[in-house]
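Novice: Here is the input, now give the coordinates:
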Amino acid sequence: MAQDPDFEAMVDACIAAGEAVMAHGTPELQEAMRLFLFRLGRELARRERDQDGTA
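Specialist: Numbers count the residues shown, from 1 in each chain. Here you go, the predicted structure:
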C-alpha cells in the first residue's frame, strides 16, 4: 500500500464502513458503496504506480 499513513488509515476506515453498509444498508446504499470502493481501489492503484514510477 502507499506509504502515506493518513491515506492508509482512510482506506481502512472506508473498508470498514463498506462492510457495515453491505451488512445493513439499503440496496441503493450498497450500490453507492460498491462504486465508492471501486473508485478508492483505482486511486490506491494509481498511487502505487506513481510510487513505483511506472505508468
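Novice: what about the residue sitting nearest the centre point of the chain, which helix or strand?
Specialist: With the centre of the chain defined as its mean C-alpha position, the nearest residue by CA atoms, centre = their mean is Leu40, 3.4 Å away. Secondary structure from DSSP states H and E places Leu40 in helix 27-52.
Novice: burial count for the residue lying closest to the residue nearest to the centre of the chain once chain neighbours are set aside?
Specialist: Using CB to CB, 6 or more residues apart in numbering and skipping residues adjacent in sequence, the residue nearest Leu40 is Cys14, 5.7 Å away. The C-beta positions use only the backbone N, C-alpha and C, and glycine is treated the same way. When neighbours are defined as other CB atoms under 10 Å, Cys14 has 14 of them.
Novice: any idea of the pLDDT on Met1?
Specialist: You'll see Met1 listed with a pLDDT of 56.
Novice: you'd agree the residue nearest to the centre of the chain is up against Glu8?
Specialist: No: between Leu40 and Glu8 there is no contact, the gap being 11.8 Å when judged by CB atoms under 8 Å.
Novice: about what we covered before: what is the rounded mean pLDDT of the helix holding Leu40?
Specialist: pLDDT averaged over helix 27-52 equals 95, rounded to a whole number.
Novice: helices or strands up against that helix?
Specialist: helix 5-24 (3 or more CB pairs under 8 Å, 6 or more residues apart in numbering; DSSP states H and E).
Novice: Quick one: list the elements packing against the helix it packs on.
Specialist: Packing contacts for helix 5-24, counted by 3+ CB pairs under 8 Å, 6+ apart, involve helix 27-52.
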